[in-house]
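Trainee: following is a predicted model, sequence given first.
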Amino acid sequence: MTTPFDEEQEEDTKQTEEQFLLEPTQTKNGGQFVMVNTRLDYQHRSKDLTALCLYDFVSHFHKKIIDKSDRRLIKNTNGSEGEQLYTEGTKMNERYTFESAHPQSSSHIIIKHTKPVVPVLIGPQIPRQEREQTRERYSRALLTLFVPWRSAHDLCALNQTWTEALEVQKPLISPTSLKIIENIQLLHECKHDRDEHLRQVLVEAQS
């Protein structure tokens, strides 16, 4: 039998770099491959989705390659970038174009899921709220996920800590997101209680 370990302590020691995917795009010079990820998709989303936080963006929207039907919609909007496409009167889900700064703005659009999905976080988990040594990382994670942004400056000023910025930005977090944050903390507490129970069982077994 092994001694249960604290998953957070292990995660705190991990340093992860931003991950990218190599995907195709279409340019004036033909097809090529570019480096993209969810952060770029979110940062360069349509201006009509500006008020959407990252968590809700991933939950409600995904990226797709432009097809013939999409091109007709884009043509009807005079090829505007970073805007919602007009789909009224059709059976199409909501569609939006990327800002021109997105590396796939000419080949992909944003489309709304028929049903929302639950985002799965990859990498270090969000720390416990009450831990002083990870308070900054906790605040940064919540700001990144649940407050709308396009650059880090939208979330935290140069003269602020992430903890201070979270207090300032809290009014921008929706009631639904606040419930998700509560559930994240509840999950931590359940894991803590589980580990405490396993420790007690081990102690009793060894004695």
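Mentor: Sure, I can see it.

Trainee: which residues touch Leu166?
Mentor: If a contact means Cβ atoms under 8 Å, 6 or more residues apart in numbering, then Leu166 has Ser139, Leu142, Leu143 as its contacts. C-beta here means a position set from N, CA and C on the backbone, and glycine is covered the same way.

Trainee: sorry, that was for Glu23
Mentor: Phe33, Val34, Val36, Gln104 are the contacts of Glu23 under Cβ under 8 Å, 6+ apart.

Trainee: out of the contacts of Leu166, which sit inside helices?
Mentor: Among these, the members found in helices (DSSP state H) are Ser139, Leu142, Leu143.

Trainee: what bits of this protein have low per-residue confidence?
Mentor: 1-16, 28, 79-80, 191-198, 201, 204 (pLDDT under 70).

Trainee: all helices for it, in order.
Mentor: Assigned helices in the chain, in chain order: 7-12, 38-43, 54-60, 68-76, 135-146, 162-169, 175-206 (criterion: DSSP H).

Trainee: so which elements touch the fifth one?
Mentor: Translated: helix 135-146. helix 54-60, helix 162-169, helix 175-206 (3 or more Cβ pairs under 8 Å, 6 or more residues apart in numbering; DSSP states H and E).

Trainee: just these: most buried one?
Mentor: helix 54-60 (a mean of 19; mean count of other Cβ atoms under 10 Å).

Trainee: then it to CSV, C-alphas only?
Mentor: In CSV, the C-alpha atoms belonging to helix 54-60 read as follows (Å, rounded to 0.1, in the frame of the first residue of the first chain):
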residue,chain,number,x,y,z
LEU,A,54,-13.1,32.1,-22.1
TYR,A,55,-15.0,29.3,-20.2
ASP,A,56,-18.3,30.2,-21.9
PHE,A,57,-16.6,30.6,-25.3
VAL,A,58,-15.3,27.1,-25.2
SER,A,59,-18.6,25.8,-23.8
HIS,A,60,-20.8,27.3,-26.5
